[in-house]
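In: Here is the input, now give the coordinates:
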Amino acid sequence: MFHYFLRRLLLLIPTFIGITLVSFFIINLAPGSPVEQRIQQLRFGGELGATHGSATGGAQMGVSQEVLDALNKQYGFDKPVYVRYWIWLKNISHLDFGDSFSYEEPVIDVITSKFPISLQFGIASLLLTYMVCIPLGIAKATRAGGVFDKISGLLLYISYSVPPLVLGIFLIVFFAGGSYFSWFPIGGISSDNYDSLSFWAKVSDRAHHFVLPLICYMIGGFTEITMLMRNSMLDVIKQDYVRTARAKGLSEFLVIYKHALRNALVPIAVGLGGFLRVFLAGSLIVETIFNLDGIGLLSYKSILSRDYNVIMGLIFLSSVFLMLGRLFSDFVYVLIDPRIDFK
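Out: The predicted model follows:
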């Protein structure tokens with residue numbers, strides 16, 4: 001077991017290099033660059049002179065070659081792409097992601113400034129999803145084919161088919177827009193007087209703002225995990241050892257929660273490794289609709305503005321969390337079912 005996890009840890013290094021290498025080259029070779037974005041800003045700001053350079057590159061962009069060379073040097077584009085990747089790789093070895101071209105501050109500060117919103121929604125959606133879906137899946141499995149199973153299944157599939165954009169607009173119009181009900185705020189994560197509130201009042205205010213966007217965050221994985229738990233439990237309760245437990249006269253509660261549940265949780269353990277991704281949980285649609293300044297919106301804005309350093313910083317963190325999460329899933333497998341042995 002130790003040797004297996006050691007090999008997996010060592011394999012993370014070439015996997016990480018492969019992910020970042022491909023991403024870096026695609027991003028840098030795509031049309032548009034921070035230099036072109038900066039030139040547009042200078043042109044509209046009237047800071048560029050009317051003198052055009054004689055060189056082809058400068059003339060095509062409407063700036064002097066001296067200005068173009070200075071901008072390329074400022075942003076590090078005066079070097080070949082493979083050299084820039086090597087420099088980036090050396091810098092991130094001590095967590096130096098460079099500076100954001102758009103925000104003009106260190107990338108790590110830009111990303112961490114968006115952490116609070118995404119982290120709160122990520123943790124809340126993860127905990128609520130598993131706390132609700134696992135018991136619900138068990139209840140559906142133990143009542144398979146009954147009225148409860150059919151009605152809950154219908155509601156789950158309907159909710160799964162509703163796009164987050166449509167759901168978000170529906171929730172705002174009916175429950176926050178004032179057209180029907182004004183039970184929840186339209187957007188944001190806190191009220192204007194949040195700083196003056198007591199501790200429990202702050203908790204209540206934050207929870208009040210979280211209800212609608214949290215529903216949109218959870219709606220995607222809610223049905224999937226519930227049905228996975230239901231089907232897994234159905235397979236387990238048909239096993240011989242479960243029938244033997246019933247034949248011994250054990251209560252249905254002990255049969256389900258002591259003998260069947262542990263093995264039924266094995267497929268669910270696949271998703272548990274994703275808990276690390278809550279640090280970068282973000283949804284462009286949800287954050288835009290509910291006016292949340294999180295990781296999803298940051299990713300979208302960075303791509304539009306060709307903020308390469310922020311994009312690569314997000315790719316770096318996402319790939320690391322994803323790989324460590326997969327490794328954690330294997331570890332959870334062993335904890336749930338000792339019969340699993342990785343060679």
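
In: Please save the CA atoms from stretch 236-247 in PDB.
Out: The C-alpha atoms that make up stretch 236-247 are tabulated as PDB, following Å, rounded to 0.1, in the frame of the first residue of the first chain:
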ATOM      1  CA  VAL A 236     -25.700  -4.300  -1.800                       C
ATOM      2  CA  ILE A 237     -28.900  -5.200   0.000                       C
ATOM      3  CA  LYS A 238     -29.400  -8.100  -2.500                       C
ATOM      4  CA  GLN A 239     -26.100  -9.700  -1.400                       C
ATOM      5  CA  ASP A 240     -26.100 -12.900   0.600                       C
ATOM      6  CA  TYR A 241     -24.500 -11.500   3.700                       C
ATOM      7  CA  VAL A 242     -27.400  -8.900   4.000                       C
ATOM      8  CA  ARG A 243     -30.000 -11.700   3.700                       C
ATOM      9  CA  THR A 244     -28.000 -13.600   6.300                       C
ATOM     10  CA  ALA A 245     -28.100 -10.600   8.700                       C
ATOM     11  CA  ARG A 246     -31.900 -10.400   8.300                       C
ATOM     12  CA  ALA A 247     -32.200 -14.200   8.800                       C
END
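
In: what comes up buried for that stretch?
Out: In terms of neighbour count (16 or more other C-beta atoms under 10 Å), stretch 236-247 has its buried residues at 236-237, 242, 245. Where C-beta positions appear, they are placed from N, C-alpha and C, glycine not excepted.

In: list the contacts for Val211?
Out: By C-beta atoms under 8 Å, 6 or more residues apart in numbering, Val211 lies in contact with Phe184.

In: Which positions within the helix or strand that contains it qualify as buried?
Out: Using DSSP states H and E, Val211 sits in helix 199-236. Residues of helix 199-236 classed as buried by neighbour count (16+ other C-beta under 10 Å): 205-206, 209-210, 212-223, 225-234, 236.

In: after it, next one along is what?
Out: Next along from helix 199-236, by DSSP H and E: helix 240-247.

In: helices or strands next to the helix or strand just after that next one in the packing?
Out: Next in sequence after helix 240-247, counting helices and strands by DSSP H and E, comes helix 252-254. The helices and strands touching helix 252-254, judged by 3 or more C-beta pairs under 8 Å, 6 or more residues apart in numbering; DSSP states H and E, number zero.

In: doesn't Phe184 make contact with Phe174?
Out: No: at 10.0 Å, Phe174 does not count as touching Phe184 under the criterion of C-beta atoms under 8 Å.

In: More neighbours: which of these two?
Out: Remark: of Phe174 and Phe184, Phe184 carries more neighbours, 18 against 12, as counted by other C-beta atoms under 10 Å.

In: Need the phi and psi values for the more buried one.
Out: With angles defined as degrees, to the nearest 10, Phe184 sits at phi -130, psi 160.

In: just checking, it touches Gly177?
Out: No: using C-beta under 8 Å as the test, Phe184 is too far from Gly177 to be in contact (9.8 Å).

In: tell me the angle the helix holding Val211 makes with helix 240-247.
Out: With axes from the mean of the first three to the mean of the last three C-alpha atoms, to 10 degrees as the basis, helix 199-236 and helix 240-247 are set at 100 degrees to each other.
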